[in-house]
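Trainee: All I have is the shape, not the residue letters:
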């Protein structure tokens, strides 16, 4: 795991050496960041962009294992930018893990504009979703928004979020599903029984059945397979 962006000591008065932390600099422009991506050239490009924005320290990691080691060794950075497709696991799992460790500003940088991937990233705790094909200006806008405490979606995927979790029913009328209903449907799609779904979500089997009944009324069908098919077609589950 590499660390880039570490400044060299700066000389002030003769014989005195100032550390980077002592050099006058607007505080709001100083931030630390962790970049997690398994493509070295992309990591370097992101690191260069962040340094030009005022990042004082940019740490690099090529895998979940390296990112986890950095997180546990030095604690949270001001910002983390991470890929979803890492060689040793899902970036979504890393987003969730970093959130539990106190990392409050997480930006997902991904190649997919799949609606499910976008929503899953935000549900996992990300504050921004950027595409790897994004222009430098969009990346800069997204990072600034997150550093300011906001949320940002790449303009290409923003329309996908505007649809929320609406699923057209059997009559083609969009119906809004709650986050819990989407979770239940995803587990149904994974082939789990009501009992297994309840155990996964810490719900009783009766509550799971109630969720499915409510979903059925919204979508106009009581057939589990058809409910799943409608939700998959809408990109709400996969």
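Mentor: That came through fine. Not measured: the values here are computed from a predicted model. Numbering: from 1, shown residues only.

Trainee: hey, let's count contacts and neighbours off CA atoms from now on
Mentor: Fine.

Trainee: Phi, psi for residue 89 please.
Mentor: The phi/psi pair for residue 89 (degrees, to the nearest 10) reads phi 150, psi -170.

Trainee: didn't it look like it was pressed against residue 64?
Mentor: Yes - judged on Cα atoms under 8 Å, residue 89 makes contact with residue 64 at a distance of 6.7 Å.

Trainee: of those two, who's got more company?
Mentor: residue 64 (22 against 13; other Cα atoms under 10 Å).

Trainee: nearest spatial neighbour of that one, skipping sequence neighbours?
Mentor: Excluding the flanking residues, the one nearest residue 64 by Cα to Cα, 6 or more residues apart in numbering is residue 88, at 6.2 Å.

Trainee: Quickly note the distance from the one you found to residue 186.
Mentor: 23 Å (Cα to Cα, to the nearest Å).

Trainee: Those two: who's more crowded?
Mentor: Counted by other Cα under 10 Å, residue 88 and residue 186 do not tie: residue 186 has more neighbours, with 19 against 11.

Trainee: buried set for the helix or strand hosting that one?
Mentor: For residue 186, the element it lies in under DSSP states H and E is helix 179-189. Judged by neighbour count (16 or more other Cα atoms under 10 Å), helix 179-189 contains these buried residues: 181-189.

Trainee: Contact partners for residue 79?
Mentor: By Cα atoms under 8 Å, 6 or more residues apart in numbering, the contact set of residue 79 is 31-34, 103-107, 147.

Trainee: let me fix that: residue 36
Mentor: Per Cα under 8 Å, 6+ apart, neighbours of residue 36: 43, 60-64, 67, 80-83.

Trainee: Report the two of these separated the most.
Mentor: 43 and 64 (14.4 Å; Cα to Cα).

Trainee: Quick check: phi and psi on residue 176?
Mentor: phi -80, psi 130.

Trainee: right, and it touches residue 214 too?
Mentor: No - the criterion here is Cα under 8 Å, and residue 176 misses it with residue 214 at 11.3 Å.

Trainee: between these two, which one's more packed in?
Mentor: Set side by side, residue 176 and residue 214 show more neighbours around residue 176, with 18 against 15, by other Cα under 10 Å.

Trainee: Nearest residue to the more buried one in space, ignoring adjacent ones along the chain?
Mentor: residue 166 (4.2 Å).

Trainee: Any chance of the backbone angles for that neighbour?
Mentor: Residue torsions, per degrees, to the nearest 10, at residue 166 are phi -80, psi 130.

Trainee: show me the contacts for it.
Mentor: Here residue 166 is in contact with 174-177, 234, 236 (Cα under 8 Å, 6+ apart).

Trainee: most neighbours, which of those?
Mentor: residue 236 (25 neighbours).

Trainee: you'd agree that one is up against residue 114?
Mentor: No - contact criterion Cα under 8 Å: residue 236 and residue 114 do not qualify, at 9.7 Å.

Trainee: Can you name the helix or strand that residue 138 falls in?
Mentor: helix 136-147.

Trainee: other SSEs contacting the following helix or strand past that helix?
Mentor: Next in sequence after helix 136-147, counting helices and strands by DSSP H and E, comes strand 152-153. Using 3 or more Cα pairs under 8 Å, 6 or more residues apart in numbering; DSSP states H and E, the elements in contact with strand 152-153 are strand 128-131, helix 136-147.

Trainee: highest average neighbour count across the ones you listed?
Mentor: strand 128-131 (a mean of 25; mean count of other Cα atoms under 10 Å).

Trainee: Quick one: residues in contact with that one.
Mentor: Residues contacting strand 128-131 (Cα under 8 Å, 6+ apart): 106-113, 118, 121-122, 139, 142, 146, 151-154.
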